[in-house]
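Below are the sequence and a predicted model for it; my questions follow.
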Amino acid sequence: MKNIVTVLVLILMISCNSFPDLKEEFPCKETSFYDNLKKSEDVRNMFSVQFPENWKVNLYYDNTKTSIYAADTTISVTKTTLMDVTLVHKTVFLDNTFKQKITDDNKKMGLSEIKTNDVNILNKPSYYSYAEGKKGNYSYHILNTFTKINEDNFLHVKTEVYGDSLVDERICKALNLINKTQLN
């Protein structure tokens with residue numbers, strides 16, 4: 001009996017500390033994905049992401065971060081998805097102070113948060129903020145995810161969607177790309 005209680009307490013502790021996967025936070029269909037993906041690696045070989053072959057990919061790095069920026073430049077900005085995947089060399093605490101800063105930044109940009117939550121991305125503690133508003137003459141949606149990789153690094157993925165066309169589908173397709181991120 002003592003062993004059963006111990007096991008139940010252990011299961012309860014584990015389940016209380018787990019967060020949902022990011023994809024569980026959005027009403028995505030199984031058909032929301034891109035075909036013909038090509039692997040892109042950052043300059044420092046810290047991570048890789050798969051993007052559609054026809055997307056334009058730009059790499060950037062400096063002493064504090066390494067980034068892969070990608071978008072389909074063959075279609076208008078109101079039909080594409082822009083993604084910026086950045087590994088930041090900085091300690092991050094995904095605490096209430098951090099979350100409030102993200103909320104404040106969204107407000108400064110005139111955005112309204114649709115939803116935020118603690119989640120799992122790459123089986124690591126993460127936080128996301130999904131906000132909407134206007135940018136220029138376009139309606140604008142932005143999904144920011146922050147994943148603590150280790151004590152010294154975190155992964156920030158910014159997904160931007162301009163316009164009103166197929167917003168949910170574009171976000172869902174981006175979520176599938178985020179889930180294909182690999183750490184080296």
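Cool, got the structure.

gap between the residue nearest to the spatial centre of the chain and residue 70?
The centroid of the chain falls nearest to residue 145 when counting by Cα atoms, centre = their mean (3.5 Å). Distance, residue 145 to residue 70, using Cβ to Cβ, to the nearest Å: 15 Å. For every residue, glycine as well, the C-beta is placed using N, CA and C.

Count the neighbours of residue 94 for me.
The number of residues packed near residue 94 is 16, by other Cβ atoms under 10 Å.

mind checking how far the residue nearest to the centre of the chain is from residue 177?
For residue 145, the distance to residue 177 equals 11 Å [Cβ to Cβ].

again, but for residue 73
If you measure residue 73 against residue 177 using Cβ to Cβ, the figure is 16 Å.

still on that earlier bit, does anything pack onto the helix or strand hosting the residue nearest to the centre of the chain? Which helices or strands?
Applying DSSP states H and E as the criterion places residue 145 in strand 138-148. Packing partners of strand 138-148 (3 or more Cβ pairs under 8 Å, 6 or more residues apart in numbering; DSSP states H and E): helix 96-108, strand 112-121, strand 124-135, strand 154-162, helix 167-179.

low-scoring pLDDT stretches of this protein, where are they?
Applying pLDDT under 70 to the chain flags residues 1-17, 31-32.

switch the cut-off to 80
Counting by pLDDT under 80, the ranges of the chain that qualify are 1-17, 30-32.

returning to what we had before: CA-only coordinates of the strand holding residue 145 in CSV, if you can.
Extracted in CSV, the C-alpha atoms of strand 138-148 (Å, rounded to 0.1, in the frame of the first residue of the first chain):
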residue,chain,number,x,y,z
TYR,A,138,-2.5,45.7,-42.6
SER,A,139,-4.1,43.6,-39.9
TYR,A,140,-1.2,41.9,-38.1
HIS,A,141,-0.8,38.7,-36.0
ILE,A,142,2.4,37.8,-34.1
LEU,A,143,3.3,34.6,-32.3
ASN,A,144,6.4,34.8,-30.1
THR,A,145,7.7,31.7,-28.5
PHE,A,146,10.5,31.6,-25.9
THR,A,147,12.2,28.3,-25.1
LYS,A,148,14.8,27.9,-22.4
